[in-house]
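Peer 1: Fold the stuff below for me.
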Amino acid sequence: MEAIVYEEFGGPEVLRHATGVAVPEPGPGEVRVKVAAVGVNPVDWKRRYGWVEEFYPTTFPAVPGLEFAGTVDKLGEGVTDLTVGDEVLGWTETGAYAEYAIAGIVAPKPAGLSWEAAASLPVAGETAQRVLDLLGVRAGETLFLHGAAGVVGSVGVQLAVAAGVTVIGSASESNHAYLRELGAVPVVYGEGLADRVRAAAPDGVDAVFDAAGHGVLPVAIELLGGGEAAKERIVTIADVDAEQYGIVFSGVVGDPDAVRAGLTAHARGAAAGTLAVRLADTLPLKEAARAQELSESGHVRGKLVLVP
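Peer 2: Here you go, the predicted model:
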């Protein structure tokens, strides 16, 4: 099969487009999927550099990619709730930058949802939901979401607003109209951020979701009043210095059943138009290195998708 492969850690130049790669076989409880679209995520190039081995250990040769949308091609032993030909979206352990991938966690793709939109949901939806659950935000509370215009951040905004949470979201000024459309109150990040958040939330902030990093954790602690108690309602997915502040860094996918249920709900929401991921561009699989370079640049507005 066609796949993107890398055999050492490094920059985008270590990625190579390969043909004749062995088609993977599903194990018990797994399915093989013929991939129609692949979501590109920052974790893809962080894995390529070898920066997240604690969470995603690499075995070479490796195929990048965690999320996909496609058609069930083969069933593993014990799979009874799916049939060959089912359209699904989900997570893969064998790498999504390929014609075929093996998956243990999938959800049905609604008929009205495009392949590109479906492939954009698994990582952003699971990550945003996991962090909101860890924070325990509830209706009537106020959440500060740092990096709210990014893919994970924007999904987090939508899920929180739908739950009755007031969201203050940081982003560049060019993304403020977008955040207002999602239901958030936008603020510009950078020096003076704490004061701008206080002005936007005069009654205070109850929790902080850091989706962007860039040293915002001290500001988050300050916004919640300082002290150890404040740290209990701060979660980051982007700042590897979290431990030194005593703050939770969340980087591991949760319980498979909960992930599957959440993915199913998010897919239905996307099909119904109540949950959206902004699509930046769709590129052919052969241009995976370019896609990762664009992702790493930090200047992409929305999701990058690869198509085999």
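Peer 1: going forward, measure contacts and count neighbours with C-alpha atoms only.
Peer 2: OK.
Peer 1: Averaging pLDDT per element, find the lowest-scoring helix or strand in this protein.
Peer 2: For the chain, counting by mean pLDDT, DSSP states H and E, helix 227-231 ranks last in confidence among helices and strands (a mean of 86).
Peer 1: Give me the residues contacting that one.
Peer 2: With Cα atoms under 8 Å, 6 or more residues apart in numbering as the test, helix 227-231 has contacts from 221, 224, 246-247.
Peer 1: Show the subsequent helix or strand relative to that helix.
Peer 2: The element immediately downstream of helix 227-231 (helix or strand, assigned by DSSP states H and E) is strand 234-236.
Peer 1: name the helices or strands packed onto that next one?
Peer 2: Using 3 or more Cα pairs under 8 Å, 6 or more residues apart in numbering; DSSP states H and E as the contact test, the elements touching strand 234-236 are helix 122-135, strand 207-210, strand 248-249.
Peer 1: Pull out the buried residues from the helix or strand just after it.
Peer 2: Remark: after strand 234-236, the chain's next helix or strand is helix 242-245, criterion DSSP H and E. By neighbour count with 16 or more other Cα atoms under 10 Å, helix 242-245 contains the buried residues A242.
Peer 1: Next: stretch 277-297.
Peer 2: Buried-residue list, stretch 277-297, by 16+ other Cα under 10 Å: 277-279, 282-283, 285-289, 291-292, 295-296.
Peer 1: Endpoints of stretch 59-67, how far apart?
Peer 2: 18 Å (Cα to Cα, to the nearest Å).
Peer 1: next one: stretch 248-261
Peer 2: So stretch 248-261: terminal residues 24 Å apart, Cα to Cα.
Peer 1: the helices in the stretch 51-200 of the chain, which residues?
Peer 2: Taking DSSP state H, counting those that start in this stretch as the criterion, the stretch 51-200 of the chain carries its helices at 115-119, 122-135, 151-162, 176-182, 193-200.
Peer 1: Out of the ones you listed, which is the most enclosed?
Peer 2: Highest mean neighbour count of the helices of the stretch 51-200 of the chain: helix 115-119, a mean of 26 (counted as mean count of other Cα atoms under 10 Å).
Peer 1: Which strands or helices does that helix pack on?
Peer 2: strand 31-40, strand 67-75, strand 87-91.
Peer 1: out of these, which comes closest to D241?
Peer 2: Checking the helices and strands packed on helix 115-119 against D241 by Cα to Cα gives strand 31-40 as the closest, at 24.3 Å.
Peer 1: in whatever helix or strand comes next after the closest one, what counts as buried?
Peer 2: The first helix or strand that comes after strand 31-40 along the chain, using DSSP H and E, is helix 42-49. Neighbour counts over helix 42-49 (16+ other Cα under 10 Å) mark 42-49 as buried.
Peer 1: Out of those, which is nearest to V35?
Peer 2: Nearest member of the buried residues of helix 42-49 to V35, counting by Cα to Cα, is D44, at 17.1 Å.
Peer 1: Look up how far Y6 lies from that closest one.
Peer 2: Where Y6 is concerned, D44 sits at a distance of 12 Å (Cα to Cα).
Peer 1: Also P186?
Peer 2: Applying Cα to Cα to P186 and Y6 gives a distance of 40 Å.
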